[in-house]
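Peer 1: Turn this into a model:
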Amino acid sequence: DLIDTRTSTAFLLSDSEKSLGFVLVGLRIDYVEGATTNPVCYIEGIYIEPDYRRHGYARLLIKEAEKWGKDMNCSQIASDAEINNLTSIEFHKGMGFKEANRVVCFIKDLDSSDHDQHHLIH
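Peer 2: All right, here's what the predicted structure looks like:
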């Protein structure tokens, strides 16, 4: 569903027999860590089949994503990686990305039965 919108697309890399990899990109108009422009072309996902890695295919897909971003009036491209995914971090650095920030995200479920006894005025 995501690639059927005007603000996102995917590029599939294949040979005559099978798919080798893909990149999924989209426009982000909300805040993007480290970005100084808006909108930003954002790599939502990239994958190359293991047997085809380290052959320049990911670089080819990144170049297509960059071209699409320029066509969509972007002057920056961004991406992210899990903090412990060292392979992805090194890949991004190898593609010319610069690390913008490191973040630890938190979430807490709101318990509907847990009401504070204090009364606050809004």
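
Peer 1: In this protein, mark out all the strands, start to finish.
Peer 2: Counting by DSSP state E, the chain has strands at residues 8-14, 19-28, 40-48, 77-78.

Peer 1: and the shortest one, how far from the chain's centre?
Peer 2: It stands for strand 77-78. The chain centre lies 8 Å from the centre of strand 77-78; the measure is Cα atoms, centre = their mean, to the nearest Å.

Peer 1: Kindly report the same for the second one.
Peer 2: Its chain's C-alpha centre and that of strand 19-28 lie 9 Å apart, by Cα atoms, centre = their mean.

Peer 1: re earlier: I'd like the strands of the chain laid out as JSON lines, including mean neighbour count, distance to residue 96 and mean pLDDT.
Peer 2: Glycine gets a C-beta too; all of them are placed from N, C-alpha and C. Converted to JSON lines, those look like this (neighbours: other Cβ atoms under 10 Å; distance: least, Cβ to Cβ, whole Å; pLDDT from 0 to 100):
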{"stretch": "strand 8-14", "mean neighbour count": "16", "distance to residue 96": "18", "mean pLDDT": "94"}
{"stretch": "strand 19-28", "mean neighbour count": "20", "distance to residue 96": "15", "mean pLDDT": "96"}
{"stretch": "strand 40-48", "mean neighbour count": "19", "distance to residue 96": "12", "mean pLDDT": "96"}
{"stretch": "strand 77-78", "mean neighbour count": "20", "distance to residue 96": "9", "mean pLDDT": "96"}
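
Peer 1: Nice, that's everything, thank you.
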